[in-house]
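*Asks:* Provided below for reference: sequence and predicted model.
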Amino acid sequence: MMWWYGTGMHGWGYALLGVGTVLLFLIVALVAFVVAAPAGDRAREDIEGRPMHRTPEQIVAERFARGEIDEPEYRRLLDVLHAEEQPSVGH
């Protein structure tokens, strides 16, 4: 009975092949994302697995390095941060 329909794919066979290929790539991409996402979260942890927290000084230094603030503003912010760390005398 093979001679009745021919030996190759026709119409729906090509459509299903295209849809199946797209679904396969989507599944592979989804699996890769699910596997890689936790690895990105681990990059923000220290050696012992605790989340890394940047100090205010580090944040100000990063802003200065990116050019978001100029040197006078950088020094002023550091002075403000260091003034908050010193205990007030007389109160």
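*Replies:* The structure has been received and is ready for your questions. Numbers count the residues shown, from 1 in each chain.
*Asks:* Pull the contacting residues for residue 54.
*Replies:* By CB atoms under 8 Å, 6 or more residues apart in numbering, the residues touching residue 54 are residue 62. All C-beta atoms are positioned from the backbone trio N, CA, C, and that covers glycine.
*Asks:* Tell me the secondary structure of it, please.
*Replies:* coil (DSSP: H, G, I helix; E, B strand; the rest coil).
*Asks:* do the same with residue 72
*Replies:* Three-state assignment for residue 72 (three-state DSSP): helix.
*Asks:* swap in residue 10?
*Replies:* Per three-state DSSP, residue 10 ends up coil.
*Asks:* In contact with it, which residues?
*Replies:* Residue 10 sits next to no residue when contact means CB under 8 Å, 6+ apart.
*Asks:* So what's the residue count around residue 26?
*Replies:* Applying other CB atoms under 10 Å, we find 10 residues neighbouring residue 26.
*Asks:* The one 4 residues further on now?
*Replies:* Other residues near residue 30 number 10, with proximity taken as other CB under 10 Å.
*Asks:* Averaged pLDDT, the stretch of helix or strand it belongs to. What do you get?
*Replies:* Using DSSP states H and E, residue 30 sits in helix 12-42. Here helix 12-42 scores 85 as its mean pLDDT.
*Asks:* No further queries at this time; thank you.
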